[in-house]
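Student: everything below, folded, please.
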Amino acid sequence: MGNMGSSLLPAIAVALLLVYVLATPDNTLALRLWCAAVIASKVYASWDARRLLRAPILAEHADRLTRRLIVLNAIDGAAWGMLAFAGLDPASTANSILVVAVLAGIVGNSMSLLSPVLPVFAVFCVAELGALALKAWTMGELAFQALSLAVLVYLASLLSQGRNSARAARAAIQLRFDNIELIAQLRVETEKARQALHAAEQANLAKSKFLAAASHDLRQPIHAQGLFLEVLGRSALTPAQQEVLASARSASEASASMLHTLLDFSRIDAGVVEAHIAPFRLQPLLAKIESELAPQADAQGLVYRTHDSELVLQSDPALVELILRNLVSNAVRYTLRGGILVGCRRRGAAAVIEVWDSGIGIAAAQQQEIFQEFHQLGNPERDRQKGLGLGLSIARGLARILDAPLTLSSQPGRGSVFRLALPLARLPAPVIAVE
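Tutor: Model prediction:
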């Protein structure tokens, strides 16, 4: 319930923008009524959540609150689903694609918010996508009937993934209470405390392993949402529709980035990441990272440079790539002017990969803290656009797996340099190519 307020303003903005983009002389009244219904549903749900959270929520109230949430989200899902009846238009392919993409994005985004309580998530999905499928089927055209069947398949996939997500959430909550109980036992006596602490650590490891094992299932809805947006991007859209699409892509990329970061961290924390050591050429890897991240640096007015290297390293190229991507992404995020330089120096039997930036710099007292999970500099408001604070923690964890020292030199206001030391390959061939 506490997340209701954060979704209120974006939902209102999307609804108003859709009325503006989709309105025609024939559907203006229907769209306005739909917009009013969505806004009313969201405002009431937000108000109701704030009211309920003012007082403690007791265990005996859980069933009643669940039934209340089911009713509210059934209404909310039906309100969103009515967009299909107001906006689907056989005469405008672009408008119809936009309606389908928005509804698919809304229901996909609801998974993180609603799936921990599976009946609530299920009733929202069925109400929204059921309305879309029904409208598409009754339009009579073969293409729309095919769309109706595709929506039903998507609904079934979402419900399956929602069930997995609900299980993960319930397991995490149960493990949390188990840990609390174990920690309470630590205060009874020393020996029992030592054993309970060990059990708590094992429970936390089991949670991380569960998330790591479920990573494929958790990524699927985000991937499906990206496919819908990609289909929409290939259609002929008006400037206003392009703006809606850009916002939808931005939200999708942000949520996907955070999910992938959390799942990568859970895999490292669970100890399921293994290094596959082999000789590989460094230059293709550096070129790949530059091609992916240089446009982001250019968009911020930064200069991105890579010094070419002919060195062949003996390590795991996939893990090295992930470490460097996190280091470079971090450099781009915290550099306001100047640029980023990536290069490699030979040091005896080792090579030292360096990532230089002219960013804000890091005080000596904080140079170890920044490698801790969820620790961020200059982000007290926890702006999600600045990431989750896991990039450097992931880089340090992977470096330990590779037994590769990762060090930092920095001065506030003068930038930073991260150095990753890796062994050189003893044999020149065969060499793994980085794709």
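
Student: contacts only, for L293.
Tutor: Applying CB atoms under 8 Å, 6 or more residues apart in numbering, we find L293 in contact with 304, 325, 328-329, 332. To be clear about C-beta, it is placed using only N, CA and C from the backbone, and glycine gets the same treatment.

Student: check what pLDDT it gets.
Tutor: Per-residue confidence (pLDDT) for L293: 86.

Student: show me what the longest helix along the chain is packed against.
Tutor: If you go by DSSP state H, the chain has its longest helix at helix 142-186. Judged by 3 or more CB pairs under 8 Å, 6 or more residues apart in numbering; DSSP states H and E, the packing partners of helix 142-186 are helix 93-114, helix 118-138, helix 190-213, helix 215-233.

Student: how is this structure divided into domains?
Tutor: If you go by the TED database, the domain ranges for the chain are 4-139, 276-423.

Student: in CSV: those, plus distance to S157.
Tutor: Output for the domains of the chain, formatted as CSV (distance: least, CB to CB, whole Å):
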stretch, distance to S157
domain 4-139, 10
domain 276-423, 26
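
Student: how about residues contacting stretch 314-325?
Tutor: 264, 273, 275-280, 285-286, 288-289, 292-293, 313, 342, 353, 355, 394-395, 398-399, 401-402, 404, 406, 420, 422-426, 432, 434.

Student: ok, 6 Å please
Tutor: 275-277, 279-280, 285, 289, 395, 398, 402, 422-423, 425, 432, 434 (CB atoms under 6 Å, 6 or more residues apart in numbering).

Student: show me which of those residues are buried.
Tutor: 279-280, 285, 289, 395, 398, 402, 422-423, 425, 432, 434 (16 or more other CB atoms under 10 Å).

Student: how about the residues you listed in CSV, adding pLDDT and secondary structure?
Tutor: CSV is the format used below for the buried ones among the contacts of stretch 314-325 (pLDDT from 0 to 100; DSSP: H, G, I helix; E, B strand; the rest coil):
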residue, pLDDT, secondary structure
P279, 92, strand
F280, 92, strand
L285, 92, helix
I289, 87, helix
A395, 83, helix
L398, 84, helix
L402, 87, coil
L422, 93, strand
P423, 93, strand
A425, 88, coil
I432, 55, strand
V434, 54, coil
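
Student: using CSV, lay out these together with distance to N95.
Tutor: CSV is the format used below for these (distance: CB to CB, whole Å):
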residue, distance to N95
P279, 55
F280, 49
L285, 44
I289, 40
A395, 45
L398, 46
L402, 52
L422, 53
P423, 58
A425, 57
I432, 49
V434, 43
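
Student: pLDDT weak spots in this structure?
Tutor: Counting by pLDDT under 70, the low-confidence segments of the chain come to 1-7, 184, 186-229, 231, 247-273, 367, 371-391, 427-435.

Student: restricted to strands, list the contacts of L293.
Tutor: The members of the contacts of L293 that map onto strands under DSSP state E are Y304.

Student: and the contacts of L293, which two are furthest apart?
Tutor: Farthest pair in those (CB to CB) is Y304 and R325. Separation: 13.3 Å.

Student: more neighbours, these two?
Tutor: Set side by side, Y304 and R325 show more neighbours around Y304, with 21 against 18, by other CB atoms under 10 Å.

Student: neighbours of A318, just the number please.
Tutor: A318 has 17 neighbours, counted by other CB under 10 Å.

Student: check which helix or strand covers it.
Tutor: helix 317-333 (DSSP states H and E).

Student: which other residues reach the helix or strand just after that helix?
Tutor: Per DSSP H and E, the first helix or strand lying C-terminal to helix 317-333 is strand 339-347. With CB under 6 Å, 6+ apart as the test, strand 339-347 has contacts from 282, 297, 302-307, 309, 311, 331, 351-357.

Student: let's go with 7 Å and repeat that
Tutor: With contacts defined as CB atoms under 7 Å, 6 or more residues apart in numbering, strand 339-347 is touched by 282, 286, 297, 302-307, 309, 311, 328, 331-332, 351-358.

Student: from those, which land in helices?
Tutor: Applying DSSP H to the contacts of strand 339-347, the entries found in helices are 282, 286, 297, 328, 331-332.

Student: of all the residues you listed, which comes closest to S41?
Tutor: Set against S41, the nearest of these by CB to CB is V332 (39.6 Å).

Student: with just CA atoms, put whichever strand or helix holds R396 into PDB.
Tutor: Element membership for R396 (DSSP H and E) is helix 391-401. The C-alpha trace of helix 391-401 is given here as PDB (Å, rounded to 0.1, in the frame of the first residue of the first chain):
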ATOM      1  CA  GLY A 391      27.700  -1.300  -9.200                       C
ATOM      2  CA  LEU A 392      30.900  -1.000  -7.300                       C
ATOM      3  CA  SER A 393      29.800  -3.700  -4.800                       C
ATOM      4  CA  ILE A 394      29.300  -6.000  -7.800                       C
ATOM      5  CA  ALA A 395      32.700  -5.000  -9.300                       C
ATOM      6  CA  ARG A 396      34.500  -5.800  -6.000                       C
ATOM      7  CA  GLY A 397      32.700  -9.100  -5.600                       C
ATOM      8  CA  LEU A 398      33.600 -10.200  -9.100                       C
ATOM      9  CA  ALA A 399      37.200  -9.100  -8.600                       C
ATOM     10  CA  ARG A 400      37.400 -11.300  -5.500                       C
ATOM     11  CA  ILE A 401      36.100 -14.200  -7.500                       C
END
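
Student: so it versus helix 317-333, what angle?
Tutor: Interaxial angle, helix 391-401 versus helix 317-333 (axes from the mean of the first three to the mean of the last three CA atoms, to 10 degrees): 150 degrees.

Student: which parts of helix 391-401 are buried?
Tutor: If you call a residue buried by 16+ other CB under 10 Å, then helix 391-401 has these buried ones: 391-399.

Student: for stretch 301-313, same thing?
Tutor: 302, 304, 306, 309, 311-313.

Student: from these, which land in strands?
Tutor: The members of these that map onto strands under DSSP E are 304, 306, 312-313.

Student: A278 is in contact with V312, correct?
Tutor: No - using CB atoms under 7 Å, V312 is not in contact with A278; the gap is 10.5 Å.

Student: could you check the angle the longest helix of the chain makes with helix 93-114?
Tutor: On the basis of the same axes, to 10 degrees, helix 142-186 is oriented at 20 degrees to helix 93-114.

Student: and helix 142-186, how far out from the chain middle?
Tutor: Put simply, helix 142-186 sits 16 Å off its chain's centre (CA atoms, centre = their mean, to the nearest Å).

Student: just the angle between it and helix 118-138, please?
Tutor: 180 degrees.

Student: still on that earlier bit, between the contacts of stretch 314-325, which is closest to R54?
Tutor: Among the contacts of stretch 314-325, A395 lies closest to R54 (CB to CB), at 42.1 Å.

Student: check contacts around the closest one.
Tutor: A395 sits next to 323, 326-327, 406 when contact means CB under 7 Å, 6+ apart.
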